[in-house]
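Visitor: Give me the fold of what follows.
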Amino acid sequence: MKDTVMANCYAVFVRAVEEGIAYGWNRAHKHTATPSPEAIKEAIEQAVVNEVCEYFNFSEFPPEEQQDE
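Guide: Numbers count the residues shown, from 1 in each chain. Purely as a prediction, here's the structure:
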């Protein structure tokens with residue numbers, strides 16, 4: 001019998017988002033105690049995207065739909 005290991009993608013995604021939010025919040029407050037709401041949003045957004053991209057790869061087409069050129 002062949003054993004299979006599968007990742008819980010939802011849990012990995014949630015963890016990446018949570019870590020990104022925490023990092024972004026800290027980053028927004030790095031050089032000022034009172035960053036603007038826009039600066040906070042931008043820092044959190046960038047950090048979340050960076051964290052998610054650490055764990056997930058995105059392509060234009062799923063592998064089965066890719067067309068040979």
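Visitor: tell me the centre residue of the protein?
Guide: For the chain, the residue nearest the mean C-alpha position is Val52 (1.8 Å; Cα atoms, centre = their mean).
Visitor: Quick check, that residue in contact with Phe13.
Guide: Yes: assessed by Cβ atoms under 8 Å, Val52 is found in contact with Phe13 at 6.8 Å. For every residue, glycine as well, the C-beta is placed using N, CA and C.
Visitor: Would you tell me what helix or strand the residue nearest to the centre of the chain is located in?
Guide: Using DSSP states H and E, Val52 sits within helix 37-55.
Visitor: Can you point out the buried residues in stretch 16-36?
Guide: The neighbour-count check on stretch 16-36 (16 or more other Cβ atoms under 10 Å) flags Ala16, Val17, Glu19, Gly20, Ile21, Tyr23, Gly24, Arg27, Ala28, Pro35 as buried.
Visitor: Any chance of the backbone angles for the first one?
Guide: Translated: Ala16. When read as degrees, to the nearest 10, the backbone of Ala16 gives phi -60, psi -40.
Visitor: Equivalent analysis for the third one, please.
Guide: Summarising the backbone geometry of Glu19 under the convention degrees, to the nearest 10, its torsions are phi -70, psi -40.
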